[in-house]
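Asks: coordinates for the following, if possible.
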Amino acid sequence: MSETELTPAAILAEGARVLAAAGYHVDRSTESKLKLPPERALLAEDKYGIVALVVYDTWTDLTASWAPAQASIVEALSTTYTRLDRKAWDGYLVLLTPALPDAGETTAQHIRYDTHRTRKLVATGDDLQSLSDVSRVLAPLLPLELDTAAIRDTQSLLDELPNHLVEAGIPHDLADVAVAAFRNQKPIVQELYQHLEAT
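Replies: Numbering: from 1, shown residues only. Next up is the predicted model:
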């Protein structure tokens, strides 16, 4: 995708797509909830937390507006959730711009490290060079993808373990009990002791 096609609207649409594909409920009608224009912002929620994603045209716009955007998500969280609700403490503010940062005193690191109200992800033209970069920027908010082949390999290794233990001189019944206890997340020594008492 060429640089001219990487517009704030395209970035916002890709952010909505990535979050929705990861199981978030995406709300583009942010004007009433976040007091942010819906063509520049969205609110996304899953069972663990809330994400406000805001896209700016320029770095100057971002540095001038991130604090009010943060106040907006904090207010939305406090009016929607009680202090005891886990989501009240798990809000993220994602600030994006396709523009490069300028040499001003506010840096992306300065904004990222300001975590006293919400945690923040910040990406600029250095990080966003194509739409595929949006999912990489949002990766900390996305569920981990499990490697099912690796899980299958782990299971097959467990299936082989009793034979290796027998080869090492462990009685077959004890090897089976130990592996079964591990699979069932039970205390291995206790299971072995109970087995020995029963035999």
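
Asks: over to the nearest residue to Ile73 once chain neighbours are set aside. Which of the three states is it?
Replies: Using CB to CB, 6 or more residues apart in numbering and skipping the chain neighbours, the partner closest in space to Ile73 is Ala52 (4.2 Å). No exception for glycine: its C-beta is placed from N, CA and C like everyone else's. Recorded secondary structure, Ala52: strand (DSSP: H, G, I helix; E, B strand; the rest coil).

Asks: residues contacting the spatially most central residue of the chain?
Replies: Taking CA atoms, centre = their mean, the centroid of the chain lies closest to Leu141, which sits 2.0 Å from it. By CB atoms under 8 Å, 6 or more residues apart in numbering, the contact list for Leu141 reads Leu19, Ala22, Gly49, Val51, Tyr92, Val94, Leu121.

Asks: how near is the nearest residue to the third one once chain neighbours are set aside to Thr118?
Replies: If I follow you right, that is Gly49. Nearest non-adjacent residue to Gly49, counting by CB to CB, 6+ apart: Asp90, 3.4 Å away. Between Asp90 and Thr118 the computed distance is 9 Å (CB to CB, to the nearest Å).

Asks: go on, Glu5?
Replies: Counting by CB to CB - Glu5 and Thr118 are separated by 30 Å.

Asks: between these two, which is the more surrounded one?
Replies: Thr118 (21 against 10; other CB atoms under 10 Å).

Asks: list the residues that contact the more buried one.
Replies: Gln70, Ile73, Val74, Gly91, Tyr92, Leu93.

Asks: how is this structure partitioned into domains?
Replies: Split into domains by automatic domain parsing, the chain comes to 3-141, 148-198.
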